[in-house]
Every structure is written in structure tokens, then in C-alpha cells.
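Peer 1: Sequence and predicted model, in that order:
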2 protein chains.
Amino acid sequence: MSFDRLCEKILALRNPSVAGLDPRLEFIPAHILAEAQQRCADPLEAAGEALYLWGSALIDALHDIVPAIKPQCAYYELYGWPGVRALTRLIAYAKARGMFVMTDGKRNDIGSTMEAYAAAHLGTSAVFGQAVAAFDADALTVNGYLGTDGIQPLLGVCRQQDKGIFVLVKTSNPSSGELQDRALAEGGTVYRAMGALCEHWGEDTRGQFGYSAVGAVVGATYPQQLAELRGALPHTFFLVPGYGAQGGTARDIAGAFDSRGLGAIVNSSRAIMRAYEKEGCDPRDFAGAARREALRMRDELREAAGL
Amino acid sequence: MSFDRLCEKILALRNPSVAGLDPRLEFIPAHILAEAQQRCADPLEAAGEALYLWGSALIDALHDIVPAIKPQCAYYELYGWPGVRALTRLIAYAKARGMFVMTDGKRNDIGSTMEAYAAAHLGTSAVFGQAVAAFDADALTVNGYLGTDGIQPLLGVCRQQDKGIFVLVKTSNPSSGELQDRALAEGGTVYRAMGALCEHWGEDTRGQFGYSAVGAVVGATYPQQLAELRGALPHTFFLVPGYGAQGGTARDIAGAFDSRGLGAIVNSSRAIMRAYEKEGCDPRDFAGAARREALRMRDELREAAGL
């Protein structure tokens, strides 16, 4: 009912980073694509198989040094239902290897529809008298534009099943300010108002580390806002995208952490997934290259967080 | 590259309504559940089969009187990847029967990730040298909180493949105002700012009826804002939820239409899907009851729109 489990993993590995698993066939090594095509005749089913072979190898290479993975739904949906099946299998695989899984779906809707998303991604579905976990991640990213009606249905699942959510507050992209930075007549900005809602929504779900089950997405590319929000939202755990490929540096994200080195987890997708290309090593060693990059990132973030 | 195809269907059937397909096993008639369980041993696969049997029967009953269906992703994800496979099959089935399909996914992300959602839901995916359509709906609902970076990747697909999007502007739920109604320092509200962005994003994609490929979601439950936005956003087609079960009446949505009876399509999910329960007819006639309710709604909306 909080981010305690995540905090414990971060402390145990002294690593506040999460590996984004955002696959495109274009950068999955050829030997994996060949194996997947041998196993499945249908192109989308072969794509799904490739995603699973690729992702499970990365999980094997990262699980003892990185506390969490963040699969991005878009890249699984890109390969249709077989891609979504691969997502399901990868979530289960990562959890079995002890990793914390954050599904990056940025889901949003209201009432009974949001209940369905909550049950699907974090809880269980009622199916012919059984409670079946459909995706069963530990946390889900959500978009709060619809207000409390879109968040409330998630809180029940977070409480009952010890899960968490990350609400988009200040995103890492160049145009995030178009709406999020607008000044409100009451003072403050749209993103500050969203941040305040996160503190409010999480009030009754705080854990032993002081953080609630309602986290926030705050981009590494806006270091000033990141530090401002860390101060303003003391009970809100941050998921920080935009580090590395998008331009955010270790210095940029230093303000995201509290004095214990907690309070934020920093995502890297491309730099880890495509490390073998940058290294120029044998593509068959893609998982080894990912591990080397993840270790480099761990050391950099360890220092930034003071862990 | 606009909503021309949708406008033509609305005019041909003189019906500005869309049937929401938001299934839960709890209200799928027992004979369908039994057939699905007979076909599939795995509970989630049986659930997916039930969704398909149910949805295709509704499409058969509605396709010649209702121009469009709107499947809500949440209820398919609720049943895991087999639910998502059922969604894929239903989209294809509805299109083969001539219906316009709007996937209600409220997807949102940035850059290459949004490109993946656009390719997945509206376009095609590059898979082993082939261009494969993964979901292939005609339109997708999206959340614009991330600004232009989250919308731009969709516009290319809309232009090239004659597809459309609906951006959340003023949603139908009670708490929609928490963020959307906040007054901006520059004047206006957050939802007005989002509406103005829709007009801007759609500028280069206007069709023969004057509407662009960038529509807006505006709830039936806020009739004043609906009429205000119709005036302010002359090139933005509206998807209007909240009619019926959520409390919006035909009078409430009259202001959503232009002088030709175009400019808006009104969703009904529960009233159509669960018409057999309200009627008290034999559950085996659930599709017939749905058709009777859809005809009643058509006549009511025809009058409201002046079609």
C-alpha cells in the first residue's frame, strides 16, 4: 500500500534506477529474430516471441543489479495481441526473478472503466468464479487529467494488493510545458496543481519510508521543477524519465532524492537496450553490454543519490 | 485525413450515435458464456472467446442502423491478452460489416513511443519486412496532457491512412473539473486551452465537411461547456460520452451539433449492451434488445441533431 517494497529493493542494491524495456524489432539482435521466426510462422506471433526471448535475456542480465523494470505498453501493442502476450510473460518472468515491475501504460479513464484497468494491470479479474491476475505488475503509470474519478479506483487495488501508481505531473518532453506549465489564476501552474493532487490522493497510503502509493512522473530534463516538486511533495515517490538519451544528466536529477537517497527512481531505456550497438560488441553479447551500461548508470546514480 | 468518412456514415444512416462495446463477463448472457467455456479450457481464453461471440452478435444487430462502435480497451485488457485478441477480432469484424471503429484507449506518450501507439492502433507495424496492421481502428481516443509531442506522431498516420483521433478536452465525469475547469492566469480554463490546441493540431487536416482529423471528447453531462466548445472549436468533431446512464439527456447534447446535424457523435454503452436486462426479455434475445434500444436512441438523437 505504498512504495516500501520498491524502497527496500533500491536500498538493498544501492541502485535507484529502472531499466525500460521498450522493444522494437529493429534493434533486437538478428540471432533472436531468427530463432523467433523459426518458432512461429505468423509474423506478429514471431514478433511477440522475439520480444520475449530478448526481454527475458535482459532480465537475466540485470535482475541482481537493477531493482526494477519498466515495460512500455506501446511497444508491445505495436505487435498486436502477441506483443501483449509477450508483455504478460515478461512481467511474470521479471517478478519471478525478484524484480519490481512498473507497467508504463499511462492509462486513464473514469469509474468502472478505471476499475477495469486497475484490475487488469495491478489486481485480479473475476473470470468464471475465479480471481485471475491478467497482467499483475507492481505499479502502473497513469494520467490524472480526469481528476479523482480516474484515480480513486486504483487506490483500492493499491491498498489491498500492495501496489502503486505513478501519475504524470511534469513530463520530460520538449512540449510538456504547453499545458503543464500554464499559470493558474489561483497561483502556481497546472503541473503543481497535479502534484498537489498526488499528495492528496496518496494521503492514506503512506508506508514506513514516508512515501504513499501515489507516485509522480517528473522528467529529468527539467531539473529546476524536479527539485521544486521534491520539496513540495514530500510523500510522493518520483519516477524520473528523460535521463541519458533525452538529455538529463546525473547532476540534473540530484534534486529528486531525499537525504536517504530515496524518493526517486530514474529510468533508462535506450542506453541499456542498445548498449551493444554503442559498444560495438558482438550482438550476441547484447545482454552483457546492457549489464555493463546498467552498472555504469548504477554507479553514477548511486553517487547522485548519495546511496 | 479528416472525419469525412464518419460524417458520410452519420448522414447515410441519419444517426449521430456510436455504440460502446465495454464488455464484462457479468452481463454477457449465460448461453454465450457456456459456449465459450466449451470452446476454451483456459479461463482467460474462454473470456476472450465470450467477448468475441457477444460483440460480433451485437455488431450483426447494429451495423445497418448505427454508424460506429467504440470498444473500450480497459474491458478487453481486463481479460489479459486473450481479451486483447478479442478486441482485434471485433475491430476487424465491425469494419467488415461497414462500421466505423473508434478504439477508446485514451493513449498518451511522447515521440517514438507515441509513434508506436499510432502505428499499433491506427497504422501498420514493420514486422520482418512486412507492414502489418496490428489493431487497425479508424480512430483512437488520446489524452493530450503531454502537449504537441504526444499528438504530432498521430497526425502523420491520420493523414496517410485517413484516420482520426479524439483528444480529451472536457470529460463527462463528476471530478473532471478538478483540473480541467481551473482558471488560467491568461484567461479561460484548462479545458479551453486544450480545446484550442485541438483546433491548432488539426489545422492541416480539414475535410470536405470542415472538420479536421483531430476531434475532441466533450461530455454530455456538461451541456453549457458543450455548447461553448461547439462555438469555439468550429473544425473539431466531438465524441460525446455521458449520455443515458451517466445522466446526459438529448436536450443536453443539442448544442453539440452544427446546423447540418453534424459535428458530434454521441456514445451509449450500458443502455445498449444491457438493454435485455432492462427489457426483461429472454437473454438469448440480447442483441435484439440492443437493436431496439439503439433505434430508440437513434430517433431521439436524430431529432436533437435535426438530421
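Peer 2: Nice, I can see it. This structure is a prediction, so every number in the text was calculated from the model and none was measured.

Peer 1: which residues of the stretch 51-200 of chain A fall in strands?
Peer 2: Per DSSP state E, counting those that start in this stretch, the stretch 51-200 of chain A carries strands over the ranges A:68-71, A:100-107, A:125-127, A:130-132, A:139-142, A:164-170.

Peer 1: JSON lines for those strands, including mean pLDDT, mean neighbour count and distance to residue B:119?
Peer 2: (Each C-beta comes from the backbone N, C-alpha and C, glycine too.) Output for the strands of the stretch 51-200 of chain A, formatted as JSON lines (pLDDT from 0 to 100; neighbours: other Cβ atoms under 10 Å in any protein chain shown; distance: least, Cβ to Cβ, whole Å):
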{"stretch": "strand A:68-71", "mean pLDDT": "98", "mean neighbour count": "27", "distance to residue B:119": "17"}
{"stretch": "strand A:100-107", "mean pLDDT": "98", "mean neighbour count": "26", "distance to residue B:119": "17"}
{"stretch": "strand A:125-127", "mean pLDDT": "97", "mean neighbour count": "20", "distance to residue B:119": "28"}
{"stretch": "strand A:130-132", "mean pLDDT": "96", "mean neighbour count": "13", "distance to residue B:119": "30"}
{"stretch": "strand A:139-142", "mean pLDDT": "98", "mean neighbour count": "27", "distance to residue B:119": "20"}
{"stretch": "strand A:164-170", "mean pLDDT": "97", "mean neighbour count": "27", "distance to residue B:119": "22"}
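
Peer 1: Can you lay out those strands as JSON lines showing distance to chain B?
Peer 2: Converted to JSON lines, the strands of the stretch 51-200 of chain A look like this (distance: least, Cβ to the nearest Cβ, whole Å):
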{"stretch": "strand A:68-71", "distance to chain B": "12"}
{"stretch": "strand A:100-107", "distance to chain B": "5"}
{"stretch": "strand A:125-127", "distance to chain B": "4"}
{"stretch": "strand A:130-132", "distance to chain B": "6"}
{"stretch": "strand A:139-142", "distance to chain B": "9"}
{"stretch": "strand A:164-170", "distance to chain B": "6"}
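
Peer 1: how many other residues sit next to residue A:249?
Peer 2: 14 (other Cβ atoms under 10 Å in any protein chain shown).

Peer 1: do residue A:284 as well
Peer 2: 12.

Peer 1: my guess is it contacts residue A:30, does it?
Peer 2: No. Using Cβ atoms under 8 Å as the test, residue A:284 is too far from residue A:30 to be in contact (9.2 Å).

Peer 1: quick one, what contacts residue A:257?
Peer 2: Going by Cβ atoms under 8 Å, 6 or more residues apart in numbering or on different chains, residue A:257 touches A:16, A:230, A:263, A:264, A:304, A:305, A:306.

Peer 1: Look up the closest residue to it, ignoring the ones flanking it.
Peer 2: Distances taken as Cβ to Cβ, 6 or more residues apart in numbering or on different chains put residue A:305 closest to residue A:257, at 4.4 Å, once the chain neighbours are dropped.

Peer 1: Count residues in the vicinity of that neighbour, would you?
Peer 2: A total of 25 residues lie near residue A:305 under the criterion other Cβ under 10 Å.

Peer 1: How about residue A:282?
Peer 2: Neighbour count of residue A:282, defined by other Cβ under 10 Å: 12.

Peer 1: which residues touch it?
Peer 2: residue A:276.

Peer 1: quick one: it and residue A:29, what's the gap?
Peer 2: Distance of residue A:282 to residue A:29, computed by Cβ to Cβ, to the nearest Å: 9 Å.

Peer 1: do residue A:244 as well
Peer 2: Taking Cβ to Cβ, one finds residue A:244 at 21 Å from residue A:29.

Peer 1: Tell me the confidence at residue A:172?
Peer 2: pLDDT for residue A:172: 88.

Peer 1: And residue A:63, how close does it get to chain B?
Peer 2: 23 Å (Cβ to the nearest Cβ, to the nearest Å).

Peer 1: got the phi/psi numbers for the closest residue to that residue other than its chain neighbours?
Peer 2: The shortest distance from residue A:63 to any residue other than its chain neighbours is 4.1 Å, reached at residue A:97 (Cβ to Cβ, 6+ apart). Note on residue A:97: backbone dihedrals following degrees, to the nearest 10 are phi -90, psi 10.

Peer 1: hang on, residue A:125 packs against residue B:75?
Peer 2: No. Using Cβ under 8 Å, residue A:125 is not in contact with residue B:75, being 10.0 Å away.

Peer 1: Please name the nearest non-neighbouring residue to residue A:175.
Peer 2: residue B:147 is the one closest to residue A:175 (Cβ to Cβ, 6+ apart), at 3.5 Å.

Peer 1: Equivalent analysis for residue A:100, please.
Peer 2: residue A:68 (4.0 Å).

Peer 1: Can you tell me who that neighbour pairs with across the strands?
Peer 2: residue A:18, residue A:100 (DSSP bridges).

Peer 1: Point out where chain A drops to low pLDDT.
Peer 2: A:1 (pLDDT under 70).

Peer 1: what ranges do the helices span in it?
Peer 2: Per DSSP state H, chain A carries helices over the ranges A:4-13, A:30-39, A:43-62, A:73-77, A:80-96, A:111-121, A:152-161, A:177-180, A:190-202, A:223-232, A:250-253, A:270-273, A:275-279, A:286-305.

Peer 1: Please identify the most buried of those helices.
Peer 2: helix A:73-77 (a mean of 27; mean count of other Cβ atoms under 10 Å in any protein chain shown).

Peer 1: Hmm, residue A:106 is touching residue A:167, no?
Peer 2: No. Contact criterion Cβ under 8 Å: residue A:106 and residue A:167 do not qualify, at 9.5 Å.
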